[in-house]
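>>> Need the 3D shape of this:
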Amino acid sequence: MIDRDRFPVDPWRLIDTHYSEEGVGETLFSVGNGYLGLRGNHIEGRGAQEHGTFINGLHETWPIRHAEQAYGFAEVGQTIVNAPDAKVMRVYVDDEPISLDDADVREYRRTLDLRTGVLERHVVWETPSGKRVRMRDERIVSFEERHLAVLRLEVVVENSDAPVTISCQLLNRQDGAGVYAGTPIGTKAAAFDPRKAEKIADRVLEPAEHWQDGLRPRCRIASRIPG
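Numbers count the residues shown, from 1 in each chain. Model (predicted):
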């Protein structure tokens, strides 16, 4: 049964009125265009069941091992790669970071409009010093330009003056560990089992070049993917 208090009925929009780290919500609020897909993770980039940014055709190959070898058995497998995560925009008010799993959240609403393809979230939270902060973020993956995704964030401190910092980050979830990983914390590599698909054992994405344009650092990431 669907909890209609949390997911109220709307003819064109999927609406969520309660924050949760459930993987179902991350899946339901994903946006994509068949080439680029962004899993519905919150922009803070912290607690999540599984982070995900995927590009059609970006994959890694690995040798397939069989319990017994025979003619015609596939020898090479393909696994989609979790591309570097550019969705992260961490907000600090009075040097206090927002983390929805432990923040004093007063209002929360997330909607996915199926007419426009816009994922929108409204959050009102209160800092330990009593400052009321209103946040609104939007996310869309373009159908016109298949490689283009746009994210927008607005932050307003409603009842006081306070320094606000927004830290935009690009994280390599594919090869990360702990909170930087693309998979849940505590996931362990299983022993070899020929009945199950293998996972990539080695690092996939390697930093290839770093440079700086004014105050903005940039980097280029290379992959070991053939071709």
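
>>> going forward, measure contacts and count neighbours with C-alpha atoms only.
Fine.

>>> Helices along this structure, start to end?
23-28 (DSSP state H).

>>> Least confident secondary structure element in it?
Taking mean pLDDT, DSSP states H and E as the measure, the chain has strand 216-223 as its least confident helix or strand, at a mean of 65.

>>> where in the protein is pLDDT low?
Counting by pLDDT under 70, the ranges of the chain that qualify are 183-201, 217-227.

>>> and if we set it to 50?
Low-confidence segments of the chain, defined by pLDDT under 50: 185-186, 189, 225-227.

>>> Tell me, how many residues neighbour the residue nearest to residue 175 when sequence neighbours are not counted?
Of all residues not flanking residue 175 in the chain, residue 203 sits nearest, at 5.8 Å (CA to CA, 6 or more residues apart in numbering). For residue 203, the neighbour count with other CA atoms under 10 Å is 11.

>>> Thought residue 176 was touching residue 203, still the case?
No: using CA atoms under 8 Å, residue 203 makes no contact with residue 176, being 9.2 Å away.

>>> Tell me, how many residues neighbour residue 68?
Residue 68 has 7 nearby residues by other CA under 10 Å.

>>> if I pick the nearest residue to residue 164 once chain neighbours are set aside, what's in contact with it?
Nearest residue to residue 164 in three dimensions, chain neighbours excluded: residue 93, at 4.7 Å (CA to CA, 6+ apart). Going by CA atoms under 8 Å, 6 or more residues apart in numbering, residue 93 touches 127, 162, 163, 164, 165.

>>> Specify which member of these is nearest to residue 3.
Nearest to residue 3 out of those is residue 127 (CA to CA; 29.6 Å).

>>> Quick check on the closest one: phi, psi?
Here is the backbone geometry of residue 127 (degrees, to the nearest 10): phi -80, psi 160.

>>> Quickly note the distance from it to residue 107.
13 Å (CA to CA, to the nearest Å).

>>> same question, residue 22
For residue 22, the distance to residue 107 - CA to CA - is 19 Å.

>>> Then residue 142?
29 Å.

>>> Repeat that for residue 6.
Applying CA to CA to residue 6 and residue 107 gives a distance of 13 Å.

>>> ok, now residue 50?
Applying CA to CA, the value for residue 50 to residue 107 is 24 Å.

>>> likewise residue 117?
Taking CA to CA as the measure, residue 117 and residue 107 are separated by 23 Å.

>>> ditto for residue 72
For residue 72 relative to residue 107 (CA to CA), the value is 58 Å.

>>> Also residue 77?
46 Å.

>>> now do residue 55
Applying CA to CA to residue 55 and residue 107 gives a distance of 33 Å.

>>> now do residue 182
28 Å.

>>> and these two? which has more neighbours close in?
residue 182 (24 against 15).

>>> Next up, the contacts around the more buried one.
Neighbours of residue 182 in contact, by CA under 8 Å, 6+ apart: 50, 51, 52, 82, 173, 174, 176.

>>> same check, this time on residue 101
Listed by CA under 8 Å, 6+ apart, the contact partners of residue 101 are 20, 21, 47.
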